[in-house]
Each structure stands twice: as C-alpha cells, then as structure tokens.
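**Q** Mind looking at a prediction? Sequence and model below.
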Amino acid sequence: MRWIHGVAVGALSLALAACTTSPTGRSQLTLMSDQQLDQMGAQAFAQYQQERSTVGGAPYRYVQCVTEAIVRTLPAQARDGGWQVRVFEDESANAFALPGGYVGVNTGLLDIAENQDQLAAVIGHEIGHVLAHHANERASTQSATQLGLSVLSSAAGLEGAGGEQVMAAMGLGAQYGILLPFSRRHESEADVIGLQLMAEAGFDPRASVALWRNMSAAGGGQPPEWMSTHPSHGSRIAGLEAEIPEVLPRFEQARQAGRPPNCGRP
C-alpha cells in the first residue's frame, strides 16, 4: 500500500504546484503549459479548415470586425500575434475560440444572431473560455480524475467482473458529479467574461439575453441540466440577466469614449 500512498501524495503535490486563478478569481488546476495549449489550438484550427469549407466576403468581414473590436480590449499578452478568424459553411449555430488566438464562426450562427451585439455575445463568450484557460483546466481535471479512480481501484483491490462494474459506477459518478458540473461552471464563467469583454468593446451586453432567447426558440429539446455539459437555456438567461447590471457601466463608458463598433451585418 505504500506505493499507492506515494502516488496519491505525488498527485496532490502536482495539483498544488499547478494551481492557478481564473479571471473571475476561481482556483484552477492547470497541468499543461501555454505553449502546449497554443500548439494544440493551431493543430485543431488547421484540421478544422481542412474538413470544412470557409466563407469570405461580407460574412467574413463582419465576423472579423466584431472579433477585432473585442480583441482590442484584451490584455497585451492576449493580443500578441493577433487572432485568426474564419467563417465556416455550416448550418449549425455554433462558434469557437482556441488557445493561440483562433476564432471560428459557422454561417448558421449568423442566421440566429440578429445584429453585431448578439454576435459579440457569442464571440466574447468563446474568447472568455480561452482567457480563463478552460481547455487546460478541463484536460487537467480529467487526468486527475482518472488518476484518482485508478488509485481507489488499486487500494480497494477491485479485480474481475465485479471490480469492473464498480469501476464503471465510479466512472459515472465522476462524470456526472465532477466533470459535467465542472464544464457547466466553465460555461457560466465564460458568460461572465464574455459580457465584460463585449461591454468594454462597446457592444450592448443586454443583447446576450436576446441571443439566448433566439437560441432557445431555434433549438430542440435539451437533456436534463445535470446530464449536460452546458447550462439549460433558462439557467443561462437568468445568469446573464443577473450579471448585466454589473457590466452596463463599462458599456456606457465605451460609448461615451466614442468607440462603439460599427460592423455591418451582411
């Protein structure tokens, strides 16, 4: 049993050494380096472009305009090297941002987002994931969870078919009790950061609520929130409405400073 204790102590020491803080002040476990994440982001973006058709012209200029307005509000380190933007021919209302400075928006989202402010709510949210190192935290937590399950399995002497069933149950417990709520926490945190970014860029943060109402009207049924990696539409809208009064002063300051974006929707 000594080696199990040693593994557990080693894992705890590694976790403590890799503990960082998110932009909202939440403690995080981040085991990967920024260089590793940036490389993974570049590879994923390249692969995505190989698998999907891109769109230029007015849709691209529109998405680029909104993205650049938000990027200008970022800390200098997050602006270094610029951000690459692509619009993909895809009917799903989706977007993403990747470590290393990459933003992708599907044409389907441009049908749901009725104006530049609603589009900024999505792009700000996705960039918020990158600023908060959520990809790093998610991968690190999954690794730590898997290590913890292995240690528990060895300590309990779980072997054979019965042991496999117990491990499967433990895995489900980790999935629904740790990883899924953890992902929902990421989504809610990215919502908060996204509101701050769009408001500072001069986009109206109140448009985020209208966007998610559009999403709710356009989408089908959702799994129960406790089984989903994302909050329900109702929970997300309630969270946004609670945060909007905090960021409205930033929006007003940006407008008074004369930096309201003017990105014409195609």
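**A** Sure thing, it's come through. Residues are numbered from 1 along each chain as shown.
**Q** Please make it C-alpha for all contacts and neighbour counts, starting now.
**A** Fine.
**Q** residues in contact with Gly202?
**A** Phe251, Glu252, Ala254, Arg255, Arg259, Pro260, Pro261 (Cα atoms under 8 Å, 6 or more residues apart in numbering).
**Q** how near is the residue nearest the centre of the chain to Ala95?
**A** Centre of the chain computed as the mean C-alpha position; nearest residue by Cα atoms, centre = their mean is His129, 3.3 Å away. Noted for His129: a distance of 12 Å to Ala95, by Cα to Cα, to the nearest Å.
**Q** related to what we said a few turns ago, which secondary structure element is home to the residue nearest to the centre of the chain?
**A** Element membership of His129, judged by DSSP states H and E, is helix 116-131.
**Q** Can you tell me, leaving aside adjacent residues, what's nearest to Tyr102?
**A** Sequence neighbours aside, Gln84 is the residue nearest to Tyr102 in space, at 4.8 Å (criterion: Cα to Cα, 6 or more residues apart in numbering).
**Q** what residues are up against the one you found?
**A** Gln84 touches Gly101, Tyr102, Val103, counting by Cα under 8 Å, 6+ apart.
**Q** Quick check, Arg86 in contact with Val105.
**A** Yes - at 6.5 Å, Arg86 and Val105 qualify as touching, with contact defined as Cα atoms under 8 Å.
**Q** what about those two, which has more around it?
**A** Val105 (28 against 22; other Cα atoms under 10 Å).
**Q** and the more buried one, helix, strand or coil?
**A** The three-state label given to Val105 by DSSP: H, G, I helix; E, B strand; the rest coil is strand.
**Q** And the one 5 residues further on, by the same measure?
**A** Secondary structure state of Leu110, per three-state DSSP, is helix.
**Q** Near it, how many residues? Count them for me, please.
**A** 24.
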